[in-house]
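Chemist: what follows is a predicted structure for the sequence shown.
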Amino acid sequence: MSPLARLAQLRSLHVPLRRTRGYSSTAEPRSAHSEWYASMLPGMIPVALLGSAVYMGLQLLQGRLAHEKFLDEAREQVRQLEEEVDRLQKERTLQPSTVSSSHTTASKWWPW
């Protein structure tokens, strides 16, 4: 017998037996929990995806509406401030201007 044939024969004798796992064995009946998960989980995936998409869409809509509300409030405040500025400018033009006759050329904070 050739050495190659003898090596092949020795290797074939030492083939390990394949172990089967308890949860994947078809010989034993599946538990009620595994049956429930196997039947419910595939149906729950599309529901979870749809729920996530709806949630993200509503969150985006809420953010957009909040931003629009903020812009409306800011525009209203700007409009009120512009009205106040216009009113004050009109009051200033209606008052007689008082010009000071004494002009001091040097500031008082200069030390020299």
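Modeler: Perfect, I can see it now. Residues are numbered from 1 along each chain as shown.
Chemist: contacts and neighbour counts: CA atoms only from here.
Modeler: OK.
Chemist: would you mind measuring from residue 82 to residue 68?
Modeler: Distance, residue 82 to residue 68, using CA to CA, to the nearest Å: 21 Å.
Chemist: let me fix that, I meant to ask about residue 32.
Modeler: 53 Å.
Chemist: who's more crowded, the two?
Modeler: residue 68 (12 against 9; other CA atoms under 10 Å).
Chemist: just the element for that one, please.
Modeler: Per DSSP states H and E, residue 68 falls inside helix 32-94.
Chemist: so residue 29: helix, strand or coil?
Modeler: Following DSSP: H, G, I helix; E, B strand; the rest coil, we place residue 29 in the coil state.
Chemist: next, it: phi, psi?
Modeler: phi -70, psi 150 (degrees, to the nearest 10).
Chemist: how near is it to residue 35?
Modeler: Distance check for residue 29 against residue 35: by CA to CA, it reads 10 Å.
Chemist: could you do residue 28 as well?
Modeler: Using CA to CA, residue 28 is found at 13 Å from residue 35.
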